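> when you get a sec, could you give me coordinates for this:
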Amino acid sequence: MQFYTKRRRMPVINVVSLIDVFCLLLIFFIVTTTFKKEEPKIQIKVPESATAQKDPQTQEPLIIYATKAQEIYLGDQKIPIGGLSDALKSRKSQAKYGFSLKADTDVPLGFFVKVMDAAKEAGISDLSMFTEEPKNMSAPAAP
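Numbering: from 1, shown residues only. Below is the predicted model of the structure:
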């Protein structure tokens, strides 16, 4: 007696549904990704401040970086301290959200004053600064 065996179909993975899932994941990651502005590759440790207030402005200002090696960067472009005033004047029309200073904690006071003078020469009177919250927030002393 001869038995007929049913031919087995080869297992198939439905690729179309996998592509749909991949496309949905790709769209999700593109939509939820935050894009950061390019910053120069320098290390700056901003000073701590217990009384600083967060700026409610959501738009990014044009950032002036001051490193402990006494170098100045305006955005991602290195600028000599003598040419900072002229560079700020030329970029003043582009900076619709103002200027902000991100200075290292080890920047000498004399260099800091030169940066502030250059900003004042360029007509910038509302220069904000980057700070961070103190790491060990202790309770204020009772009077």
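
> any low-confidence regions in the chain?
1, 36-40, 57-58, 137-143 (pLDDT under 70).

> and the strands in it?
Along the chain, counting by DSSP state E, strands occupy 62-66, 72-74, 77-79, 99-103, 128-129.

> make CSV from these and add mean neighbour count to it.
Any C-beta I mention is one placed from the backbone N, CA and C, and that applies to glycine too. Shown next, in CSV, are these (neighbours: other Cβ atoms under 10 Å):
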stretch, mean neighbour count
strand 62-66, 21
strand 72-74, 20
strand 77-79, 14
strand 99-103, 20
strand 128-129, 14
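
> which residue sits closest to Ile44 in space, ignoring its chain neighbours?
Ranked by Cβ to Cβ, 6 or more residues apart in numbering and with sequence neighbours excluded, the top spatial neighbour of Ile44 is Asp104, at 4.8 Å.

> ramachandran angles for the one you found?
phi -70, psi 150 (degrees, to the nearest 10).

> neighbours around it, how many?
Using other Cβ atoms under 10 Å, Asp104 has 19 neighbouring residues.

> my guess is it contacts Ala66. True?
Yes: contact criterion Cβ atoms under 8 Å: Asp104 and Ala66 qualify, at 6.5 Å.

> the strands of the chain: which one's closest to Leu109?
Closest approach to Leu109 among the strands of the chain (Cβ to Cβ): strand 99-103, 10.7 Å.

> can you list contacts of that closest one?
44, 46-47, 61-66, 88, 112, 115, 119, 124, 127-130 (Cβ atoms under 8 Å, 6 or more residues apart in numbering).

> can you list the strands that that strand pairs with?
strand 62-66 (parallel), strand 128-129 (parallel) (DSSP bridges).

> C-alpha coordinates for it, PDB please?
C-alpha atoms of strand 99-103 as PDB (Å, rounded to 0.1, in the frame of the first residue of the first chain):
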ATOM      1  CA  PHE A  99      24.700  87.000  22.700                       C
ATOM      2  CA  SER A 100      25.700  84.800  25.600                       C
ATOM      3  CA  LEU A 101      29.100  84.200  27.200                       C
ATOM      4  CA  LYS A 102      30.300  80.700  28.200                       C
ATOM      5  CA  ALA A 103      33.500  81.200  30.100                       C
END
